[in-house]
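**Q** what's the 3D shape of this:
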Amino acid sequence: MSSFLHFAQHRLQEVCLGIMALVYTTRLIWFFRFKLGQERQATTSRRNTDRGRGQRSSLLNVAMPWSMESSRRNPLFYAQFVVFHLGVVAAITLSFVIPYAPSLLHPTVVLGL
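**A** Have a look, this model is predicted:
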């Protein structure tokens, strides 16, 4: 294995992972320093609605395409969104599997991807 390939598979990836962790940690710290906003929604007649239910609905809205008008009008856009993010997850996963556990990449698995 060439020294450049060894560097790219190990040191470069580890440095990039550290930078990514630092950036996301900094971003989360910045995000959680904001003061929580007050509820502006008028009280509805539904009795089974509370703050926790609203928070869950807001966070899980991406996984409920029927609740978003843009997805109802253009389901192909939502399909593209899902395929893109599955590709990103596969690329990140493979960036760890290839250098650290290449035995997991059996030819049938590679052909299936």
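**Q** need the helices for this structure, in chain order.
**A** Ranges of helices in the chain, per DSSP state H, are 3-6, 12-32, 51-59, 69-73, 75-100, 107-112.
**Q** what's the second one packed up against?
**A** Helix 12-32 sits against helix 75-100, with contacts defined as 3 or more CB pairs under 8 Å, 6 or more residues apart in numbering; DSSP states H and E. To be clear about C-beta, it is placed using only N, CA and C from the backbone, and glycine gets the same treatment.
**Q** Mind listing what's buried along the helix it packs on?
**A** For helix 75-100, the neighbour count (16 or more other CB atoms under 10 Å) marks Tyr78 as buried.
**Q** now it and helix 12-32, what's the angle there?
**A** Angle, helix 75-100 to helix 12-32, by axes from the mean of the first three to the mean of the last three CA atoms, to 10 degrees: 130 degrees.
**Q** In terms of secondary structure, what does helix 75-100 contact?
**A** For helix 75-100, the elements it packs on are helix 12-32, helix 69-73, judged by 3+ CB pairs under 8 Å, 6+ apart.
**Q** Tell me the gap between the first one and the middle of its chain.
**A** The reference is to helix 12-32. Offset of helix 12-32 from its chain centre (CA atoms, centre = their mean, to the nearest Å): 14 Å.
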